[in-house]
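Requesting a structural model of the entry that follows:
(one chain, ligands or ions: 1)
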Amino acid sequence: MLQTIEAFDRIGEENAFAVLARATALAQSGKDIINLGIGQPDFSTPAHIVEAAIKALRDGHHGYTPATGLLATREAVVRRTLTTTGVEVSPENVMIMPGGKPTMFAAILMFGAPGVDILYPDPGFPIYRSMIEFTGARPVPVPIREENGFAFSADETLALITPATRLLIVNSPANPTGGVTPRAEIEKLVRGLDAHPHVAILSDEIYDVMTYDGETHTSLLQFPEIRDRLIVLNGWSKTWAMTGWRMGWSIWPNGPESGHLYDKVRKLAVNCWSCVNAPSQFAGIAAIDGPQDDVEKMLAAFDRRRRIVVEGLNALPGFSCITPKGAFYAFPNVRDTGRPAKAFASALLEDAGVALIGGPDFGVLGEGYLRLSYANSEENILRALERIESFLAR
Ligand code: PLP
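Modelled structure (predicted):
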């Protein structure tokens with residue numbers, strides 16, 4: 001890590017936020033904008049979760065909590081992890097974080113430095129690369145290919161590892177592609193990592209429950225052989241429609257062989273944010289332990305919309321879109337339209353009133369693609385598809 005002001009000049013952006021700002025400005029100027037740009041559920045946080053936060057405030061939970069999070073919230077994460085992965089983790093390895101991003105930041109900060117290589121998916125969530133560059137490490141893109149269903153290829157990933165590699169970032173189900181890496185491929189990757197004990201792994205599993213067509217998510221937690229070098233990122237933002245609450249969790253190793261990573265991230269929390277706000281932590285418990293009907297409804301809605309989006313996109317001239325198996329994104333290939341993706345995305349916003357993101361905002365392999373978030377109503381998705389169609393016919 002270069003502690004210089006120049007390091008800050010290497011920090012990138014998440015263009016989805018810039019597109020959101022532009023879409024909001026256009027909407028405020030009276031334009032009718034359909035927003036398929038931002039990656040957040042269009043549902044409200046379920047009422048019983050909101051009530052839990054209100055109750056916590058009324059009950060006087062206004063102070064600091066432990067930097068690692070309330071024990072009760074960490075224990076809720078332990079229960080949830082057991083349900084979704086079958087793996088029993090200890091609350092002593094769970095950090096409650098202000099969202100998913102701080103885990104990314106902490107993990108990349110721990111391993112990144114000049115002379116170090118960090119492997120990250122391309123196309124992938126843009127913050128990975130941005131944070132790697134901040135630390136002065138070399139970002140090494142792992143190609144995520146359409147012909148591979150936008151899954152990680154174990155062989156291609158392992159071939160990129162060198163003695164300089166310190167961290168591998170894995171993300172499935174994935175943003176921006178909706179790709180889900182099959183279990184067999186993850187097993188192969190884990191087996192291959194055996195030969196590279198110097199490589200730690202950050203597994204971003206924030207979309208873990210969002211899989212479709214019978215596809216299932218494989219958590220890297222299910223492989224004990226890598227547990228002492230594995231950090232798992234997860235959180236409340238997507239699953240319970242809680243993006244604005246800033247609630248995430250992560251699971252860190254803490255044995256001497258891991259370098260006591262959990263102690264390190266706890267110290268970082270003490271130095272940076274003290275703790276996540278207390279009422280949100282109570283809401284987080286209610287989210288995990290309460291009824292999951294709203295989550296089920298949201299997932300069913302995403303699944304319906306996914307089919308509508310894919311069918312609609314494939315009917316557009318020059319578009320082809322594989323059916324995403326996870327998250328809430330479609331990543332159509334638009335090469336045959338002959339339009340560069342970023343310019344295309346911006347023309348669609350300015351001239352057709354449809355906000356979406358150009359693939360290059362997610363990496364060099366994103367050229368030729370657009371990302372549509374289908375976290376919007378069926379009606380709006382259909383209107384957006386019509387608008388894109390008439391834009392193309394102009
Ligand atoms: N990881 C991935 C893959 C994401 O897509 C996102 C949000 O878009 C995050 C992490 C960050 O989540 P949070 O809003 O909880 O920081």
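
Where does the prediction get shaky in the chain?
1-3 (pLDDT under 70).

quick one, longest helix in it?
Longest helix in the chain, counting residues (DSSP state H): helix 293-314.

Whatever helix or strand comes next after that one - contacts with which helices or strands?
Past helix 293-314, further along toward the C-terminus, the next helix or strand under DSSP states H and E is strand 329-330. Counting contacts by 3 or more CB pairs under 8 Å, 6 or more residues apart in numbering; DSSP states H and E, strand 329-330 packs against helix 293-314, strand 370-373. No exception for glycine: its C-beta is placed from N, CA and C like everyone else's.

ok, now with 6 Å
For strand 329-330, the packing partners by 3 or more CB pairs under 6 Å, 6 or more residues apart in numbering; DSSP states H and E come out as strand 370-373.

helices and strands around the strand it packs on, which ones?
Counting by 3+ CB pairs under 6 Å, 6+ apart, strand 370-373 packs on strand 329-330.

Mind giving me the packing neighbours of the longest helix of the chain?
On a contact count with 3+ CB pairs under 6 Å, 6+ apart, helix 293-314 meets helix 378-393.

what does the helix it packs on contact?
Here helix 378-393 makes contact (CB atoms under 6 Å, 6 or more residues apart in numbering) with 34, 36, 305, 308-309, 312, 316-317, 352, 354, 374.

What ranges does the stretch 101-250 of the chain have for its helices?
101-111, 126-135, 154-159, 183-193 (DSSP state H, counting those that start in this stretch).

Any chance of those helices in TSV with distance to the ligand and mean neighbour count as columns?
Output for the helices of the stretch 101-250 of the chain, formatted as TSV (distance: least, CB to the nearest ligand atom, whole Å; neighbours: other CB atoms under 10 Å):
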stretch	distance to the ligand	mean neighbour count
helix 101-111	4	23
helix 126-135	7	22
helix 154-159	17	16
helix 183-193	16	17
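
Of those helices, which is nearest Ile144?
helix 154-159 (9.2 Å; CB to CB).

Pull that closest one out as CSV, backbone CA atoms only.
Extracted in CSV, the C-alpha atoms of helix 154-159 (Å, rounded to 0.1, in the frame of the first residue of the first chain):
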residue,chain,number,x,y,z
ALA,A,154,-11.1,-23.2,-13.0
ASP,A,155,-8.4,-23.9,-15.5
GLU,A,156,-8.2,-20.4,-16.8
THR,A,157,-8.2,-19.0,-13.2
LEU,A,158,-5.5,-21.4,-12.0
ALA,A,159,-3.3,-20.7,-15.0
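
picking up where we left off before, only the buried subset of the contacts of helix 378-393, as a ChimeraX command please.
Buried subset of these, written as a ChimeraX selection, criterion 16 or more other CB atoms under 10 Å:
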select :34,36,305,309,312,316,352,354,374
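
tell me the two of the contacts of helix 378-393 that are most distant?
Arg305 and Pro317 (22.1 Å).
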